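Model the structure of this input:
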Amino acid sequence: MKKKLSALLLAVCLLLTVPPAQAAQETGFTRGRTYAGEFSDLTPESPFYDNVTALYEYGLSNGKDDGSFGLGDPVTLGQAVIFAGRVRGLYRTGDAETALAYRHETTPGALAYLRYLQAEGVLEADFVKDYMDFYEPASRAQVAHVLAGVLPEEALPSVHDELVTVGHSSRRFIPDVDEYTPYYRDILDLYRKGVSAGSDAAGSFLPNEPITRGALAAMLTRMLDPALRVRPQWDLSHLYSAAGTTLADLVEPGTYSLAPASAEELESSLRYMLAQGEDQIMFYYPSLSEPEARRLMDQSLAVMKAYCEQGYNEVLCTRGAGLVTLSFSAAGAGKRTQEYRAAAMEAAAAVHDRLWDEGVLRLDMTDLEKARVYYDWICANCTYDYQAGDDSLSHIPYNLFANGSAVCDGYTGAYNLLLKLEGIPCSTYIQGDHIWTVAVLDGTEYHIDATWGDSGSEISYDYFAMTPRQSLALHAKQSA
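As a prediction, this is how the structure comes out:
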């Protein structure tokens, strides 16, 4: 049996033997030859044509003995291991046949590649329990596991994390893979890294089906060449609709204090009020003086400026029997404040949904890219209201969405409202009588001034994604 096994393994090895490829450059790979029609069954119209020709050019396959490639032929587990070992060798040493150093007279072929991958920590020691399994057709799930650890993150990064996570968790995409599917984590990683987009519109992986040589060629070459990687074309915009979102939903709830004794307690209490959808809050200060009441109002309005997307910029204070009631509204809006706030929220949600529906916003975008989309939208849809007085609606987001005009706090409130619909943390920075956005984009704090970005005939990006130091220097220069 051992002699028969060795002969079979040797046959597999001879079928797939190719000359060493050129050395890898850092984490890239070099195509060492040019395809010139070597495979008799391959034409430019063939499925996976670009992938199969790339596989040849990378030096990973010479095809079959009869001169064909065999696009639809099944791949054995042994062949999948050999291909994976070659890719690992290219990455580690620049030589596709590095694994042959693990070959011995009694253990030729796929077993050498398996031992190499095991020595590299790519496959576990008991991955193949019976060497006869090498000659069985490899399932697509098995291939996902074989390929999963061949290249490190820096050579094969995850680029579709959010798309795949959301799509799969919605149960509408990759429907045939769940936590009970063998190697399901490895399968999902192939989608995240652009190595697979599935077999149909739903992104089905067909984990138990045998993999063909054409499909394996596609996966292998997508690992090597970023230009060949694929992005699942799934429409998830319906999962991101902001319709029905309220302003209260956009506030991290705070904790109510009956008599806030610090700025932090006051801010937390006001967040509690906003998160409850209320416009009044009551405190107990039995001996509050007039100057202290004025200070409390000023501090409360400062908090509202930090949350200027909420549309409050005016406060009324009433006192009696030790109770202090703060009532918030929008200057110039009076009893219509809540109407204007709701209209601004509805309009912002509509802008959000439209940009997603039109594909201007996509799941593969970074926070920085999304923030720029909204910056462009604000600048394109608003003009500065030079006639605005202290009681103008241009000080709140409503007027920007409804009438296309605003001053700095209206610009900033509307912009922050759109950012928060994306889950982007943001607040404000105030310098004198000017206010602008401070946002955390992809883990980094930036200053963004949509008002000044819209101050010329064209959008200025000097005021987009400024570092804090750049922002303060630029604002100081412009204000001088």
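
How about Ala402: what's its closest non-neighbour residue?
Computed as CB to CB, 6 or more residues apart in numbering, the closest residue to Ala402 that is not its neighbour in sequence is Ala343, at 6.4 Å. C-betas here are computed from N, CA, C, even on glycine.

Contacts only, for that neighbour.
Applying CB atoms under 8 Å, 6 or more residues apart in numbering to Ala343 gives the contacts Tyr398, Phe401, Ala402.

what's the burial count for Ser199?
Neighbourhood size, Ser199 [other CB atoms under 10 Å]: 14.

How about Gln233?
Neighbours of Gln233 (other CB under 10 Å): 10.

surely it meets Ala197?
Yes: contact status for Gln233 versus Ala197: in contact at 7.2 Å, counting by CB atoms under 8 Å.

follow-up on the earlier one: just the contacts of Ala343: which are in helices?
Those of the contacts of Ala343 mapping onto helices are Tyr398, Phe401, Ala402, per DSSP state H.

Buried ones among the contacts of Ala343?
Among those, the ones that count as buried by 16 or more other CB atoms under 10 Å are Tyr398, Phe401.

Give the buried residues for the helix ranked longest in the chain.
Secondary structure of the chain per DSSP H: the longest helix is helix 337-357. Judged by neighbour count using 16+ other CB under 10 Å, the buried positions of helix 337-357 are 337, 340-341, 343-345, 347-349, 351-353, 355-356.

got it, and stretch 426-445?
For stretch 426-445, by 16+ other CB under 10 Å, it's Cys426, Ser427, Thr428, Tyr429, His434, Ile435, Trp436, Thr437, Val438, Ala439, Leu441.

Determine how far it lies from the middle of the whole chain.
Distance of stretch 426-445 from its chain centroid, counting by CA atoms, centre = their mean, to the nearest Å, is 22 Å.

what's near enough to touch Ala439?
Applying CB under 8 Å, 6+ apart to Ala439 gives the contacts Asp367, Ala371, Asn416, Leu419, Ile424, Pro425, Cys426, Glu445, Tyr446, Ile448.

gap between the closest residue in space to it that isn't next to it in sequence and Asp367?
Spatial nearest neighbour of Ala439, excluding adjacent residues (CB to CB, 6+ apart): Cys426 at 4.0 Å. According to CB to CB, to the nearest Å, Cys426 stands 10 Å off from Asp367.

so what's in contact with those two at the same time?
With CB under 8 Å, 6+ apart, Cys426 and Asp367 have common neighbours Ala439, Val440.

Strands of the chain, start to end?
Secondary structure of the chain (DSSP state E): strands at 280-284, 314-320, 323-329, 383-384, 405-406, 426-431, 434-441, 444-448.

Let's have those in CSV, adding distance to Leu216.
Output for those, formatted as CSV (distance: least, CB to CB, whole Å):
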stretch, distance to Leu216
strand 280-284, 64
strand 314-320, 67
strand 323-329, 63
strand 383-384, 57
strand 405-406, 57
strand 426-431, 46
strand 434-441, 39
strand 444-448, 40
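
Lowest-confidence member of the buried residues of helix 337-357, which is it?
The lowest pLDDT within the buried residues of helix 337-357 belongs to Trp356, with 90.

That one and Tyr240 touch, don't they?
Yes: counting by CB under 8 Å, Trp356 does reach Tyr240; the two are 5.4 Å apart.

returning to what we had before: so which of the strands of the chain is nearest Glu153?
In terms of CB to CB, the element of those nearest to Glu153 is strand 444-448, at 20.3 Å.

Perfect, that will be all.
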